[in-house]
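> Return a 3D structure for these sequence lines:
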Amino acid sequence: MLTKTKGHKIDKRHWIDYLDRPVLMFQVVYSLLEQAFPNRPLATSSMNNVVIKGKNHGIKVATMRSSGLFGPSWELDASIKKIKENYFFYDMNFNFDIQRNNVKNIDYKIKGIWETIDSPPSIKNNFSIKGWDIFWLKRRHNKPTNKPTTVGEVRELIDGN
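Predicted coordinates:
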């Protein structure tokens, strides 16, 4: 994993903790969008609205060190509007209960842009990572003696071991 932070000091002993919250939130958003629009938004329609009630299943999210479950019952009210080709604005109200600590009826308001493309974007091998910190999630090789300066050099280290 490569990171570039500006204005933030990261405790390198606990660096993965800085990723858990955004990764878990991304999983929640992705799961909700997938359930609301399983076939992606319709390219021809300007607005879609969906209401889903999760009475029989929960939404599980997890990283290597953290996990969570939005158990039944939950409700999603989602709308999506086409901005331009392959770009959609989504607006979701996600309502759920937490069974512990007597907390009930929590609302997440989630808004964002969803880009629907046929193939994922890629990072070119010559992309510079000078000044970036490198954290090895599952290191299967020795730490390099020279710090890689491009994405291609990192890929060579991973593929070569």
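
> Pretty sure Ile81 sits against Phe88.
For residue 81 the amino acid is Lys, not Ile. Yes - counting by CB atoms under 8 Å, Lys81 does reach Phe88; the two are 6.5 Å apart. No exception for glycine: its C-beta is placed from N, CA and C like everyone else's.

> more crowded one of those two?
Phe88 (25 against 15; other CB atoms under 10 Å).

> Bridged to the more buried one, which residues?
Beta-bridge pairing for Phe88 (DSSP bridges): Lys82, Trp114.

> Poorly predicted segments of this structure, please.
Scanning the chain for pLDDT under 70 picks out 1-8, 42-47, 99-104, 137-145, 161.

> And the helices in it?
Applying DSSP state H to the chain gives helices spanning 17-36, 151-159.

> and the first one, how far from the chain's centre?
Shown here is helix 17-36, whose average C-alpha point lies 5 Å from the average C-alpha point of the whole chain (CA atoms, centre = their mean, to the nearest Å).

> on that earlier part again, go through the helices of the chain and name the closest to Asn125.
Across the helices of the chain, Asn125 has its closest neighbour in helix 151-159 (2.9 Å, CB to CB).

> quick one: buried residues of the closest one?
The neighbour-count criterion (16 or more other CB atoms under 10 Å) identifies Val151, Glu153, Val154, Leu157 as the buried residues of helix 151-159.

> next one: stretch 11-26
Residues of stretch 11-26 classed as buried by neighbour count (16+ other CB under 10 Å): Leu19, Asp20, Leu24.

> what about the first one, distance to Ser66?
Think Leu19. The gap separating Leu19 from Ser66 is 9 Å, by CB to CB, to the nearest Å.
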